[in-house]
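Return atomic coordinates for the entry below.
(one chain, ligands or ions: 1)
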Amino acid sequence: MDITSLHESNKFTWDLTALKYEQELEGEAEFLRNGGNSLKSCEQRLLHDLGAWCHRAIHLQCAGGVDTLSLWRQGAKEVVGVDISPRMIAVAKRKGEIVEAPAQWVVSDILNTPSELDGSADLVYTGCGAIYWMMDIQAWANVVARLLKPGGRFFLYEGHPLDWVWDTESETFQFDSEHGYYFAEKLSDKCWPRPYFESEETLAEVEPQVRAKQWTLGEVINSLLGAGLRLRHFDEYPEPFWNQFENIPTETQRRLPHSYTLYMEK
Ligand SMILES: C[S@@+](CC[C@H](N)C(=O)[O-])C[C@H]1O[C@@H](n2cnc3c(N)ncnc32)[C@H](O)[C@@H]1O
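Reported below is the predicted structural model:
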């Protein structure tokens, strides 16, 4: 399958999972209306006061928009969310209307993000389960670079690729028999949160087709450097953004990295 077809097949599956986001819409809108901010503490610390420098923030793979709207809460004057799933964007749009946010929402494959947005972002933001759905990491990094203004910043908070190698059922860190290779080339559905969505009625009759790619830290950083960005900050954290290892005690989990941040500049 070519890249467009792989992304289209992922779109079909993510559109089904939008049901979960629809069910959470009211609660998240209420959370935002009460001044809530869904960005993790390390994100809030590193992004700091966006009001001081960020007019437009573009969120790539925005899903239901709660993090996008939290960038507005963090001080961005306006936000743009881009996602391939029309149903996800419908949820995000409704959420934005409820909280009366200065927001635009775009249905698009990230690799085809409309050129009208080129050079318009002070901040491009993404993460929390985003980049492994990109089948061409250099094409993705080129999109990040073209959306940014000169001097604009790129921020990523993402699951650590080392997490892919571990067996998610085990009670200690053991290599997954299929995915236990950090430098694996093959596509998989490894980061598809299957148990989370499987009980949904819409999925009962459909076998979801998703294809994800485990990009190494080197591949991610080098793609962005190759697109002309400069590295300002890189850090790793013992906390996951999503706990995949429920049978492993927290103190054991914390011996390894489970998430990371990248802050770069055009
Ligand atoms: C795990 S979610 C990202 C989580 C998100 N950060 C949040 O705030 O909930 C992955 C998202 O990526 C989107 N996606 C997957 N492939 C995409 C593509 N090629 N272009 C645009 N969006 C894509 C999906 O529709 C889904 O909304």
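
Just give me the neighbour total for the nearest residue to residue 265 once chain neighbours are set aside.
Nearest residue to residue 265, sequence neighbours excluded (CB to CB, 6 or more residues apart in numbering): residue 230, at 4.9 Å. Placement of C-beta: from N, CA and C, glycine included. Neighbourhood size, residue 230 [other CB atoms under 10 Å]: 10.

What of the one 3 residues further on?
The number of residues packed around residue 233, counting by other CB under 10 Å, is 12.

Does it touch residue 265 like I think?
No: the pair residue 233 / residue 265 is not scored as a contact, 9.7 Å apart, by CB atoms under 8 Å.

re earlier: let me know the pLDDT of the residue nearest to residue 265.
pLDDT recorded at residue 230 is 98.

give me phi/psi at it?
Dihedral angles of residue 230 (phi, psi; degrees, to the nearest 10) stand at phi -110, psi 140.

List the buried residues in whichever strand or helix holds residue 20.
Per DSSP states H and E, residue 20 falls inside helix 3-33. Going by neighbour count (16 or more other CB atoms under 10 Å), the buried part of helix 3-33 is 6-7, 10-11, 13-14, 16-21, 25, 28-29, 31-32.

which residues of the stretch 101-250 of the chain fall in strands?
Here the stretch 101-250 of the chain has its strands, by DSSP state E, counting those that start in this stretch, at 103-107, 121-127, 148-159, 230-237.

gap between the first one and the chain center?
What that stands for is strand 103-107. Here strand 103-107 is found 16 Å from its chain centre; the criterion is CA atoms, centre = their mean, to the nearest Å.

Just the CA atoms from that strand would do, formatted as PDB, please.
Taking only C-alpha atoms (Å, rounded to 0.1, in the frame of the first residue of the first chain), the coordinates of strand 103-107 have been written out as PDB:
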ATOM      1  CA  ALA A 103     -10.300  28.500  16.600                       C
ATOM      2  CA  GLN A 104     -10.200  27.100  13.100                       C
ATOM      3  CA  TRP A 105     -10.500  23.400  12.300                       C
ATOM      4  CA  VAL A 106      -9.200  21.700   9.200                       C
ATOM      5  CA  VAL A 107      -9.900  18.200   8.000                       C
END
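
Brilliant, that's me finished.
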